[in-house]
Each structure stands twice: as structure tokens, then as C-alpha cells.
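Q: pasted the sequence and its predicted model underneath.
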Amino acid sequence: MSTAKTGDSVRIHYTGRLNDGTVFDSSDGREPLGFTLGSGEVIPGFDQGVAGMDVGETKTIEIPADEAYGAYRDDLALQVGRDQFPDDIAPEVGQQLQLGMADGGTLSVVVTEINDETVTLDANHPLAGQDLTFDLELVSVNG
């Protein structure tokens, strides 16, 4: 039986839940997730949870926020004047936008609040500050 170790290509079925039981992602009905163990392709706690699993094994892991998407950072939520938006963009709560950065890169943000003068944009990952639970099933390992 193959055991997953750092550097292996693995394929895994998973279901991710929040503390209240809400499913936020799942491979159910899709191909298993494939990644190289220890490469940084997935959150650290997920990598650590898969390491040492045998093909066919199932388990549930709990990942604290600091091993997932980190703590929620207030400094990543900013208010901008409504007049800063181009005329062709009407901001709506929940809308995802890409902001151009001075270095030429982009920053993904979500509109979280709108009032008469300002729009609040949040650059935190949607799961920041959340402890996560995953049900895992290791499908294959290729060393």
C-alpha cells in the first residue's frame, strides 16, 4: 500500500466544512483534487493532514485558521469614495473586483458594504479567520 509523503503527487477526494457545518467546498461529483504534497499548492494544514495517509484511507482533520487562510486582517478592508469607481461599474455587496496595483499586479477584493459616500472593499480571503474541517479520502499516490 502506498503512503503519501512530501514530494509525492497525490489525488484526494475532500469535503470542507466550517464550524457550523456549512460545506464551503467539495470534490463530490468531480475528479479528485491532485497536487504535490509539500509544494505549497494547498494550505499548510491540508498538506499536513494528507501526509502519512495510505491509499484508500479516510479521515477527518481540523485545521485552525493560522494553518489555513490566516487570521482576518482589518487592515485589508478599506473604504473608498463612491466617486472613485468608474462610471461603468455599479458596486454591489458580494461583487468581486480586481484592483490594479502600482507594481502592475492585481488584488482581488470583495465589496462588503455600500453607503451614500463610500464602498468597503475587503482583500481578505473569504475563509480568513475560519477554522476548517475536512473529510479526506486518499485516492492515489505517485512518488
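A: Perfect, thanks for sending it.
Q: what about the strands in the protein?
A: With strands called from DSSP state E, the chain shows them at 9-17, 23-26, 33-36, 58-63, 77-81, 96-100, 106-114, 118-122, 132-142.
Q: in its sheet, which strands sit next to the last one, and in what direction?
A: To tie it back to what came earlier, the one meant is strand 132-142. The pairing partners recorded for strand 132-142 under DSSP bridges are strand 9-17 (antiparallel), strand 58-63 (antiparallel).
Q: so which of those gets nearest V139?
A: Among the strands paired with strand 132-142, strand 9-17 comes nearest to V139, with 4.4 Å by Cβ to Cβ. Where C-beta positions appear, they are placed from N, C-alpha and C, glycine not excepted.
Q: quick one: mean pLDDT over stretch 87-106.
A: When pLDDT is averaged along stretch 87-106, the result is 88.
Q: contact partners of that stretch?
A: 82, 85, 107-114, 119, 121 (Cβ atoms under 8 Å, 6 or more residues apart in numbering).
Q: give me the lowest-pLDDT entry from the residues you listed.
A: Per-residue pLDDT puts F85 lowest of those, at 83.
Q: for this structure, which spans come out with low pLDDT?
A: Low-confidence regions of the chain, defined here as pLDDT under 70, cover residues 1.
Q: name whatever forms a beta bridge with D135.
A: Here D135 sits in beta bridges with T15, T60, going by DSSP bridges.
Q: ok, it - contacts?
A: With contacts defined as Cβ under 8 Å, 6+ apart, the neighbours of D135 are 14-15, 17, 58-60.
Q: got CSV for the contacts of stretch 87-106, with neighbour count and distance to L76 too?
A: Output for those, formatted as CSV (neighbours: other Cβ atoms under 10 Å; distance: Cβ to Cβ, whole Å):
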residue, neighbour count, distance to L76
R82, 13, 20
F85, 14, 19
L107, 12, 9
S108, 13, 11
V109, 21, 9
V110, 17, 11
V111, 18, 14
T112, 14, 11
E113, 13, 14
I114, 15, 18
V119, 23, 15
L121, 22, 9
